[in-house]
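Asker: next come a sequence and a model predicted from it.
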Amino acid sequence: MTDNYYRQARFLTSAAKLSQCPPDEGYEVAFAGRSNAGKSSAINVICDHRGLAKTSKTPGRTQLINFFALDDERRLVDLPGYGYARVSVSIKKDWQGNLANYLEKRQCLKGLVLMMDVRHPLKDFDVQMLEWAAHIHLPVHILLTKADKLKRGAASASYQKVRKALEDMQGEFSVQLFSSLKKTGVEEAHHKLNQWLNREKP
Ligand code: GDP
């Protein structure tokens, strides 16, 4: 059965730093990934809302932490995509600092969904993110995005490779295949979000 709950997602606010975030209460799940990994598309498909997370690449907007409310207690959070080429080094440092600050300090943050292109998983930044998440005891669920770009066997091989790599790492990690184009993997993603958001399935 499809879970319509996530359709309730509404844009709440944007924050450039921790002090601008909504009150640290309830439950939050954040989405992160390298630029172009398919994060905006995944958020839109998970919430069945085409224009929710803008897929445009406007530098001013992509550096902000964007909050989407699901109900009074629960939020999804779109974190700045990593590796946007057109910003200066100092802005990049600043924004990594703000990102680290959010991930480390936010009490209501229950889990991180990390998007990786199924064709190029576990890039340096992804591995750093996983190691760091393990260090701060933040659970991570990986979406291997654009699964439709590979044949079934190749997608499955990528999935197994990532699973194997995760087994050798510390941390509370899980992984699944996902395609925003074909809308596959949505239920599995909802299931993980429900757990983290402390939500009983209807
Ligand atoms: P973001 O930078 O991580 O937010 O990535 P976007 O969601 O904007 O997607 C980057 C590009 O990949 C866009 O051209 C999308 O249309 C494409 N894309 C995203 N998800 C999928 C998918 O599941 N399948 C395919 N084939 N393309 C996708």
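Answerer: Yep, that arrived. Numbers count the residues shown, from 1 in each chain.
Asker: what ranges do the helices span in this protein?
Answerer: 39-46, 59-62, 89-105, 124-135, 152-167, 186-196 (DSSP state H).
Asker: quick one: average confidence on the shortest one?
Answerer: Looking back up the chat, that one is helix 59-62. Averaged over helix 59-62, pLDDT sits at 57.
Asker: return the most buried member of the helices of the chain.
Answerer: helix 39-46 (a mean of 24; mean count of other C-beta atoms under 10 Å). Every residue, glycine included, has its C-beta placed from N, CA and C.
Asker: which positions in this protein make contact with the ligand?
Answerer: Contact residues (C-beta under 6 Å from any ligand atom) of the chain with the ligand: 33, 35-41, 55, 81, 115, 145-146, 148-149, 179-181.
Asker: for ChimeraX, what selects the buried ones among the residues you listed?
Answerer: In ChimeraX, a selection of the buried entries from the residues of the chain next to the ligand looks like this (16 or more other C-beta atoms under 10 Å):
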select :33,37,38,39,40,41,81,115,145,146,148,179,180
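Asker: return the subset of the residues of the chain next to the ligand lying in strands.
Answerer: Among the residues of the chain next to the ligand, the members found in strands (DSSP state E) are 33, 115, 145.
Asker: just send those residues back as a markdown table, with pLDDT too.
Answerer: Below are those laid out as a markdown table (pLDDT from 0 to 100):
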| residue | pLDDT |
| --- | --- |
| Gly33 | 91 |
| Met115 | 97 |
| Thr145 | 98 |
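Asker: since that was my last question, I'll sign off now.
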